[in-house]
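**Q** From the sequence below, what's the structure:
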Amino acid sequence: MLKEISIGETKGVLKNFIIEPFVAHKQEEEYYICIHSSRDYDTILFHHEGGVDIGNVDEKANKINITIGEKVTPELVATKLLDKISNEDQRLLQPFIVGLYDVYERLNFTYLEINPLVVTEGKIYILDLAAKLDQCAEFVCAREWGDVSFPPPFGREAYPEEAYIADLDAKSGASLKLTILNPKGRIWTMVAGGGASVVYSDTICDLGGASELANYGEYSGAPSEQQTYDYARTILSLMTKEKREDGKVLIIGGGIANFTNVAATFKGIVRALKQFQSQLQETGVSIFVRRGGPNYQEGLRVMREVGQHLGVPVHVFGTETHMTAIVGMAMGKTPVPEQPPNDPGHTANFLLGASSNTAQHHGLLQDETSQNATPRTSRTNSFVDKSKANGDSSDIQLKRAALKVANRPMFSNKTRAIVWGLQSRAVQGMLDFDFVCSRKSPSVAAMVYPFVGDHKQKFYWGHKEIFIPVYKNMKDAMQRHTDADVVINFASLRSAEESTIEAMEYKQIKTIAIIAEGIPETATKKLIKLAHEKGVSIIGPATVGGIKPGCFKIGNTGGMMDNILSSKLYRPGSVAYVSRSGGMSNELNNIISRTTNGVCEGVAIGGDRYPGTTFMDHIMRYEKNEDVKMIVVLGEVGGTEEYNICSAIKSGQLTKPVVAWCIGTCATMFTSEVQFGHAGACANQASETAVAKNKALADAGAFVPTSFDELNTKICEVYNDLVDRGVIVPQEEAPPPTVPMDYNWARELGLIRKPASFMSSISDERGQELLYAGMPISQVFKEELGIGGVLGLLWFQKRMPSYACKFFELCLMMTADHGPAVSGAHNTIVCARAGKDLISCLTSGLLTIGDRFGGALDGAAKQFSEAYDKGLLPNEFVNEMRKKHQLIMGIGHRVKSINNPDQRVVILKEFVKSNFPNTPLLDYALEVEKITTAKKPNLILNVDGFIGVAFVDLLRGCGSFTEEEAKEYVQIGALNGVFVLGRSMGFIGHYLDQLRLKQGLYRHPWDDISYVLPETYSS
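**A** The predicted model follows:
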């Protein structure tokens, strides 16, 4: 216990042990049972001999395959599995296995193995069990699972930073992943995208950096600036904990984003870099950046700018540089260019020059390739297992793919789609794509969103505005748009299954794209089975979709318009691709456009373990499509789909050249298991590793590069050969139509300006944290400013002294209510008894506030301060007001007098005299009170007058305001706000009181009304 041991090549410490009673039994009482899942069925294996020496159970064990929806019966178990055991043990194990499978299915297990399963003395004992749960099903099974933690694999410690990022991920709609491989490592990564993160790790390991790779992780799904900052800050804190003589490198990489605003995410990274500036310098960090996507030019500019002041080397590259070229630079394998490649221009440059990104000759020049490529490395395949136990047979897959083709193109320039979800940005992107492709009509027929009523939303079709209908019910959308045969489902992981099943009820639907990731595997398998029965093709889940240049694109596929134009996706090329990763599909668009005449069609089937359609489903479509001359496949570690491609090439069913590469080759170089960004990117056996699949593809006749770093070179070689042989005839480039830029996006890019309709200087909700006069809301609570402090910030834009904040709060307490008889409360009560809502009743009461009721604060402050500033003596002020026939605001009370003082005034006077630095105006008002009460005892300085003059003393004496500012706040009526805010609390109390007392409609009594009609009627 607590000692390091080795299991294979992995070293680790055993810390957790299960202690259970010893079960005495004989060897012949040991059995073996295993349940595991595949795409179309679950398999139960049973062998009458269990224990450590069982050997190859796949060959020995009895097995039954249970298709989706099929039930396991005791009879089936007895006849198929238990034929070699005694009748007594059969009697016990039949219901046990049936119940075990029910638990397996209901609790969303993906693997369950018991070895040995002991049956002795009429009882069943589970002596050893290994199982895997589908983590995506946590929202379905949380109650039954209980508190389940997913610990790191043997050989890797759990770090608090990993738990912190996992918590951020759980609270975010974005994806944030972090696995610490070697905290003392030299090479650290901060990569955007699940597929891209694997590719960067592959390249690092290919170049000999496996032992120095410190972490694996990814951020994707449009994280906010704050989330990106938190993620970057965590990595930088780990990276700078220990120094190394040879320094460290940070690779900030990524493919070309489809919808993530690169500049926004980079702002978070820049914040973190600035925060760790001194630590980065002390640690000797060099930073290498490569990124593309929406607004990436601004993001790269910000990175270059911070590099000039950070004090560490920062090398920045964009889409003109191959995605993984910075890895070789960072590791010293390739030189860093003295001048970065030509900048492709600003995002606003929608129309690119005819020669932009067009390689000389047929594709990428060889000397250009050699400059940007990473040197080849040799890799040894240590696996010999060729089994494909976790997938269907090649024949079955090929037959299904052939049936799905049926000579019907999936998309055309007349394809129409129904979009589930209010995804305005994605829809506008589709319409802009349609326009630049010169389609005659929009590809979006309608939108469906069950949480609102039927209505229409406005979008742009080029320069013109059009309406797209939004329906509450899918049935209405289908009936009114019978030409729509595609559904793009943006529903969340919790509702995607239900909405997809509903869409498949309509025969007009032939293709459904499911965008959400995190759908449980059991739900996906049900959808696949139903789709196969109904002849529907599913793209996804966990996908960005697909694109057919010149015809149709799904949602955010292809990114913003600048990327669509730079990758020439507005017209078809000769190369079709299929990828698992959505982000990498956009990188493929870029690579193919730079090395060939462009993309003919591309689909990202999704990163989940069981995608709705497979590689072969799309490859066989491409094989039948005369416009497709070559095929590019980007697979990944996990699953066995790539072996079906091998079989199709060998059998001659697939005749077009295939350039293929499986990412995830680094998995075989890690000493412990790593779960990559995609749910399906995990090898459960040797044949599922990327290394084994790449070798099999090469052996079958596919064109396989030595690494992803050389994928562009291999594509270029195959393309040039096809051109040389006359298979592909390059065409002259025709410029696409101009697509206007949206106003909001142009403003985001800083290309335009306009006068604002409103100005606000007291609060700002746009950032990650609400600001009151520049102070973050968290600081307001941390420093316990209270209500008074908040009023100081919002009303006066000042951090007021503590006594001033306390005075504000006392005033609110004093003015909160003065009984039900005053006009404001009376109006509120009458309105409440008439059945009106709270807002109406409160407004009714507030409208009575004026000079005669509650509104004397401003008037008192103005009159007393003007008299005081003129130098009038108190009696001169009183005489002047009498001559003008004006009342002195703040003097007089209906009930209280000098002999029966208002306790509110007494309390406030005691506080003000004890805490204010000086009170000249209050002292002046009290002298006036002596004169007025000498005439009549109730002409006292009332609470309105006291608050008014005390406020002036506060504004003038606290040191926070100039004399002009203090006068301005009195003139603009700020002081009456105290009464309005305070009395609103009382009015709300009266409203609630009347409802609580269940008071009926108020009618004023006749005897309280003096009717004074004229005695005679005159016409």
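**Q** Where do the domain boundaries of the protein fall?
**A** For the chain, the structural domains run 26-133, 160-336, 402-725, 762-799, 800-997, going by the TED database.
**Q** Distance from the third one to the middle of the chain?
**A** Between the centre of domain 402-725 and the centre of its host chain there is 21 Å, according to Cα atoms, centre = their mean, to the nearest Å.
**Q** follow-up on the earlier one: same list, the domains of the chain, but as CSV with mean pLDDT please.
**A** Listed next are these as CSV, based on pLDDT from 0 to 100:
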stretch, mean pLDDT
domain 26-133, 93
domain 160-336, 92
domain 402-725, 92
domain 762-799, 93
domain 800-997, 93
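**Q** now those in JSON lines, with mean neighbour count?
**A** Every residue, glycine included, has its C-beta placed from N, CA and C. Shown next, in JSON lines, are the domains of the chain (neighbours: other Cβ atoms under 10 Å):
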{"stretch": "domain 26-133", "mean neighbour count": "16"}
{"stretch": "domain 160-336", "mean neighbour count": "21"}
{"stretch": "domain 402-725", "mean neighbour count": "22"}
{"stretch": "domain 762-799", "mean neighbour count": "15"}
{"stretch": "domain 800-997", "mean neighbour count": "18"}
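**Q** Columns distance to Ser149 on top of these, output as CSV?
**A** As requested, the domains of the chain are arranged in CSV below (distance: least, Cβ to Cβ, whole Å):
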stretch, distance to Ser149
domain 26-133, 11
domain 160-336, 10
domain 402-725, 14
domain 762-799, 29
domain 800-997, 46
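**Q** wait, which of the ones you listed is closest to Glu748?
**A** Put simply, out of the domains of the chain the one that sits nearest Glu748 is domain 160-336, at 6.7 Å, with distance taken as Cβ to Cβ.
**Q** give the contact list for Gly989.
**A** With contacts defined as Cβ atoms under 8 Å, 6 or more residues apart in numbering, the neighbours of Gly989 are 816-817.
**Q** Apply 6 Å and report the result again.
**A** Neighbouring residues of Gly989 by Cβ atoms under 6 Å, 6 or more residues apart in numbering: there are none.
**Q** A helix includes it, no?
**A** Yes. The assignment for Gly989 is a helix, going by DSSP: H, G, I helix; E, B strand; the rest coil.
**Q** Please report how far it lies from Arg983.
**A** Computed with Cβ to Cβ, to the nearest Å, the distance linking Gly989 and Arg983 is 10 Å.
**Q** cool, and Lys529?
**A** 66 Å.
**Q** Next: Val878.
**A** In this structure, Val878 lies at 29 Å from Arg983, with Cβ to Cβ as the measure.
**Q** now Thr689
**A** Between Thr689 and Arg983 the computed distance is 74 Å (Cβ to Cβ).
**Q** try Ser499
**A** For Ser499, the distance to Arg983 equals 51 Å [Cβ to Cβ].
**Q** Could you do Lys333 as well?
**A** If you go by Cβ to Cβ, the gap between Lys333 and Arg983 works out to 74 Å.
**Q** now swap in His885 and tell me
**A** Relative to Arg983, His885 is positioned 29 Å away (criterion: Cβ to Cβ).
**Q** now for the longest strand along the chain, which elements pack on it?
**A** Of all segments of type strand in the chain, defined using DSSP state E, the longest is strand 109-120. Of the remaining helices and strands, those touching strand 109-120 by 3 or more Cβ pairs under 6 Å, 6 or more residues apart in numbering; DSSP states H and E are strand 30-37, helix 87-106, strand 129-133.
**Q** need the ones you listed in TSV with distance to Ile251, can you?
**A** Converted to TSV, the helices and strands packed on strand 109-120 look like this (distance: least, Cβ to Cβ, whole Å):
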stretch	distance to Ile251
strand 30-37	36
helix 87-106	41
strand 129-133	31
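**Q** between those, which gets nearest to Glu242?
**A** Smallest distance to Glu242 across the helices and strands packed on strand 109-120 (Cβ to Cβ): 34.8 Å, for strand 129-133.
**Q** For the closest one, which helices and strands make contact with it?
**A** In terms of contacts (3+ Cβ pairs under 6 Å, 6+ apart), strand 129-133 is packed against strand 109-120.
**Q** Provide the strand pairings for the strand it packs on, with the direction of each partner.
**A** Sheet pairing for strand 109-120, assigned by DSSP bridges, gives strand 30-37 (antiparallel), strand 123-126 (antiparallel), strand 129-133 (antiparallel).
**Q** where along the stretch 301-450 of the chain do the helices fall?
**A** Chain-ordered helices for the stretch 301-450 of the chain, with DSSP state H, counting those that start in this stretch as the definition, fall at 325-330, 366-372, 394-405, 424-436.
**Q** and if you look at the stretch 751-900 of the chain?
**A** Taking DSSP H, counting those that start in this stretch as the criterion, the stretch 751-900 of the chain contains helices spanning 777-782, 786-796, 802-815, 823-833, 838-846, 856-870, 874-883.
**Q** Quick one, which of these gets closest to Asp128.
**A** helix 777-782 (50.2 Å).
**Q** outside of that closest one, which residues touch it?
**A** For helix 777-782, the external contacting residues (Cβ under 6 Å, 6+ apart) are 769-770.
**Q** just use 58 as the starting number from now, easier for me
**A** Happy to do that; since the first residue is 58 now, the last one works out to helix 834-839.
**Q** sorry, back to before: do you know which of the helices and strands packed on strand 166-177 lies nearest Asp542?
**A** With Cβ to Cβ as the criterion, Asp542 lies closest to strand 87-94 of the helices and strands packed on strand 166-177, at 31.3 Å.
**Q** Show me what whichever helix or strand comes after the closest one is packed against.
**A** Along the chain past strand 87-94, the next helix or strand (assigned with DSSP states H and E) turns out to be strand 98-104. Counting contacts by 3+ Cβ pairs under 6 Å, 6+ apart, the secondary-structure elements packed against strand 98-104 are strand 87-94, helix 114-117, strand 119-124.
**Q** Output the first one as CSV, nothing but the C-alphas.
**A** Read it as strand 87-94. Only the C-alpha atoms of strand 87-94 are listed here, as CSV (Å, rounded to 0.1, in the frame of the first residue of the first chain):
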residue,chain,number,x,y,z
GLU,A,87,-16.0,-19.9,-11.1
TYR,A,88,-17.7,-18.4,-14.2
TYR,A,89,-17.1,-15.5,-16.5
ILE,A,90,-19.6,-12.9,-17.7
CYS,A,91,-19.2,-9.7,-19.7
ILE,A,92,-21.5,-7.2,-21.3
HIS,A,93,-20.3,-4.6,-23.8
SER,A,94,-21.8,-2.3,-26.4
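**Q** what angle sits between that strand and strand 119-124?
**A** Taking axes from the mean of the first three to the mean of the last three Cα atoms, to 10 degrees, strand 87-94 and strand 119-124 form an angle of 20 degrees between their directions.
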